[in-house]
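**Q** turn this into a model:
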Amino acid sequence: MEHVFYAVRVAVRQEKVVALMLEQKAKVQDLNVYSIVFNDKVAGYLIIEVDSENTALKLINGVKHIKGLINKPISFEEVKKMITVKKEVKAEIEVGDIVEIISGPFKGERAKVTSVDKTKDYYTVLPIEVAISIPVNLQGKNIRLVKKKDEE
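**A** From the prediction side, this is the model:
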């Protein structure tokens, strides 16, 4: 049997509640529901994977917070776009790189990275433009790469 994806419009911030209610209803009524998916970034919608439009309509009928079914099936490619979370790619900071400190007491200072703990996202840096250079330990979110060590 072929699987079909449908978008279900729901009340905003009720996606998880509705998904749990639909899951329960599918089990109790033994409906052919293969998945129920929502993404916090796509407010007001759920994606259901069912065997037919008829099953989708049975599933959502009478369930609180549901506004309706988008009555045209959606492709798997569209589903992938909706549920894929894009992770921000951060530049790799290594020993010898020059960074800018973007928060804390040394905010705005440039510093040279002297050690890196990637597992904890901690960096030890030496501020460059200060009278007495003291090593400072910072989290990765508090520094920004300015120049790689091999750039001139």
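
**Q** all contacts plus neighbour counts: C-alpha atoms, from now on.
**A** Will do.

**Q** contacting residues around Arg110?
**A** By Cα atoms under 8 Å, 6 or more residues apart in numbering, the residues touching Arg110 are 98-101, 127-129.

**Q** in TSV, list those along with secondary structure and neighbour count.
**A** Listed next are the contacts of Arg110 as TSV, based on DSSP: H, G, I helix; E, B strand; the rest coil; neighbours: other Cα atoms under 10 Å:
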residue	secondary structure	neighbour count
Ile98	strand	25
Val99	strand	25
Glu100	strand	20
Ile101	strand	23
Pro127	strand	22
Ile128	coil	15
Glu129	coil	10
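
**Q** quick one: which of these is nearest to Gln14?
**A** Minimum distance to Gln14 across those is 40.2 Å, recorded for Ile101 (Cα to Cα).

**Q** was I right about the closest one contacting Arg144?
**A** Yes: between Ile101 and Arg144 there is a contact at 6.6 Å, judged by Cα atoms under 8 Å.

**Q** ok, and for stretch 145-152, which residues are buried?
**A** Neighbour-count burial for stretch 145-152 flags 145, 148 (criterion: 16 or more other Cα atoms under 10 Å).

**Q** how far is the lowest-mean-pLDDT helix or strand in the chain from where the chain is centred?
**A** Every helix and strand of the chain was ranked by mean pLDDT, DSSP states H and E. The lowest is helix 76-83, at a mean of 83. The chain centroid and the centroid of helix 76-83 are separated by 14 Å under Cα atoms, centre = their mean, to the nearest Å.

**Q** cool, stretch 51-64 as well?
**A** Worked out by Cα atoms, centre = their mean, stretch 51-64 lies 29 Å from the chain centre.

**Q** export it as CSV, just CAs?
**A** Written as CSV, here are the backbone C-alpha positions of stretch 51-64 (Å, rounded to 0.1, in the frame of the first residue of the first chain):
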residue,chain,number,x,y,z
ASP,A,51,-2.5,5.2,3.4
SER,A,52,-5.3,7.4,1.9
GLU,A,53,-7.1,10.7,2.1
ASN,A,54,-10.0,8.8,3.7
THR,A,55,-7.8,7.7,6.5
ALA,A,56,-6.5,11.2,7.0
LEU,A,57,-10.1,12.6,7.2
LYS,A,58,-11.1,9.8,9.8
LEU,A,59,-8.0,10.7,11.8
ILE,A,60,-8.5,14.4,12.1
ASN,A,61,-12.3,14.3,12.4
GLY,A,62,-13.5,15.7,15.7
VAL,A,63,-10.0,16.3,17.2
LYS,A,64,-9.7,19.5,19.2
